[in-house]
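> Kindly return the folded structure for what I paste below:
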Amino acid sequence: MRVTFTKGPGISYDIAVQRERGPELAPRNGPGGHAHLPHDLVHLLVEAEAGLRGGVFGRLAAGDNGLFWPADPAERRRAGRRRRSKGQRPTPQERADMARSEELAMIALPVWELRQGHIAHLPAYLAPVAVPPVVERIVDRFDVYAARWHALPVGGSLTVRW
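Residues are numbered from 1 along each chain as shown. Okay, the predicted model is just below:
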């Protein structure tokens with residue numbers, strides 16, 4: 001699976017997913033985030049480095065539509081009916097992976113920001129938390145992709161493989 005982030009003005013971005021399984025997905029706007037790391041890129045890197053196959057991007061790669069809509073309107077209607085009729089809910093493992101993705105992102109991003117000099121102190125919520133070893137690997141990946149993202153002009157794109 002390839003995930004392409006296209007830089008918009010300010011902290012806005014678009015995200016497009018090309019995958020081998022499941023219907024073609026329509027691109028969507030990202031929720032913003034950090035000037036150096038789009039929110040969805042943070043989660044993609046966290047989930048990939050931590051091996052969270054039940055997170056947003058692992059589920060997308062497996063054919064789930066997640067936060068995206070199928071590009072084909074007829075498939076979009078079918079997907080909506082399937083979701084409603086089956087009551088598609090994440091499995092306990094998927095819920096655990098999604099929670100772990102959120103937890104690791106909440107730790108790794110401020111650790112990266114501190115290392116880069118974007119903030120002077122870690123947030124108070126991290127004081128009692130032992131930083132898991134995987135966070136150092138995640139932060140190293142943030143270094144690589146943040147530099148690439150920040151250097152892009154508006155309209156420029158960055159593609160990451162899952």
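> Residue 41 is in contact with residue 105, correct?
No - the pair residue 105 and residue 41 does not pass the contact test of CB atoms under 8 Å, sitting 10.4 Å apart. Every residue, glycine included, has its C-beta placed from N, CA and C.
> Please enumerate the strands of the chain.
For the chain, the strands defined by DSSP state E occupy 2-7, 13-18, 28-29, 157-161.
> Am I right that residue 21 is in contact with residue 60?
No - at 9.0 Å, residue 21 does not count as touching residue 60 under the criterion of CB under 8 Å.
> When those two are compared, which one has more neighbours?
Using other CB atoms under 10 Å, the more surrounded residue of residue 21 and residue 60 is residue 60, with 22 against 10.
> where does the protein dip in pLDDT?
Confidence mapping of the chain against pLDDT under 70 gives the ranges 80-88.
> Name all residues that make contact with the nearest residue in space to residue 2 that is not next to it in sequence.
What sits nearest to residue 2 in space, not counting adjacent residues and going by CB to CB, 6 or more residues apart in numbering, is residue 18, at 4.7 Å. Contact partners of residue 18, counting by CB atoms under 8 Å, 6 or more residues apart in numbering, are 1, 2, 4.
> What of residue 60?
Neighbour list for residue 60: 1, 17, 19, 22, 25, 66, 68, 162 [criterion: CB under 8 Å, 6+ apart].
> Give me the distance between it and residue 28.
Using CB to CB, to the nearest Å, one obtains 12 Å as the distance from residue 60 to residue 28.
> tell me the contacts of residue 112?
Residue 112 makes contact with 37, 138, 139, 142, 143, 146, according to CB under 8 Å, 6+ apart.
> Tell me the spacing between it and residue 134.
When CB to CB is the yardstick, residue 112 and residue 134 sit 13 Å from each other.
> what's residue 94 in contact with, if anything?
Per CB under 8 Å, 6+ apart, neighbours of residue 94: 54, 55, 59.
> now with 10 Å?
Each residue near residue 94 by CB atoms under 10 Å, 6 or more residues apart in numbering is listed here: 52, 53, 54, 55, 56, 58, 59, 62, 64.
> Show me where this protein has its helices.
Secondary structure of the chain (DSSP state H): helices located at 39-50, 56-61, 73-86, 92-116, 134-151.
> Can you check which of those helices gets nearest to residue 122?
The closest of these to residue 122 is helix 92-116. By CB to CB, the value is 5.4 Å.
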